[in-house]
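Participant: need the 3D shape of this:
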Amino acid sequence: MFFKKTTKREQANAHKAAVPAFIFFLLALGAHALYAFFQGDRPPVTFIILMAGLFVFFAVDWLYNKRLV
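Facilitator: Model (predicted):
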């Protein structure tokens, strides 16, 4: 699994699977962050993780798009 060469189809399917997984983690962390915020948990660590993940995603996406242009 980790050391075999992947085909174009397997790479495309992995990308397709990553999108729903990203959305799931976004929703799960967002819901938990809101729950922790309203329960008075300071600091809401899940919110920090959520924002850091979103920042990394958009920063890397921007860098890849900038490099390919």
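Participant: can you pull out the helices in the chain?
Facilitator: For the chain, the helices defined by DSSP state H occupy 8-38, 45-68.
Participant: now those as CSV including mean pLDDT?
Facilitator: As requested, the helices of the chain are exported to CSV (pLDDT from 0 to 100):
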stretch, mean pLDDT
helix 8-38, 81
helix 45-68, 78
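Participant: most centrally placed residue in the protein?
Facilitator: F22 (4.5 Å; CA atoms, centre = their mean).
Participant: what about the nearest residue in space to P44 that is not next to it in sequence, how many neighbours?
Facilitator: Using CB to CB, 6 or more residues apart in numbering and skipping the chain neighbours, the partner closest in space to P44 is A36 (4.2 Å). Where C-beta positions appear, they are placed from N, C-alpha and C, glycine not excepted. Burial of A36 is recorded as 16 neighbouring residues (other CB atoms under 10 Å).
Participant: who's in contact with A36?
Facilitator: Remark: with contacts taken as CB atoms under 8 Å, 6 or more residues apart in numbering, A36 is in contact with 44-47.
Participant: from those residues, which two are the most distant?
Facilitator: Using CB to CB, the two most remote members of the contacts of A36 are V45 and F47, lying 7.2 Å apart.
Participant: who's more crowded, the two?
Facilitator: Between V45 and F47, F47 has the larger neighbour count (other CB under 10 Å), namely 17 against 12.
Participant: please tell me how far the residue in the chain sticking out farthest from the centre sits from L29.
Facilitator: Note on the chain: the largest C-alpha distance from the chain mean falls to G40, namely 25.4 Å (CA atoms, centre = their mean). Distance of G40 to L29, computed by CB to CB, to the nearest Å: 18 Å.
Participant: for F38, same thing?
Facilitator: 15 Å.
Participant: who's more crowded, those two?
Facilitator: L29 (18 against 9).
Participant: quick check: that one touching T46?
Facilitator: Yes: when contacts are counted by CB atoms under 8 Å, L29 is listed as touching T46 (5.2 Å).
Participant: wait, what's in contact with the residue lying closest to L26 once chain neighbours are set aside?
Facilitator: Spatially, and ignoring its direct neighbours in sequence, L26 is nearest to L50 (7.2 Å; CB to CB, 6+ apart). Contacts for L50 (CB under 8 Å, 6+ apart) come out as 26, 29-30, 33.
Participant: with that, I have no additional questions.
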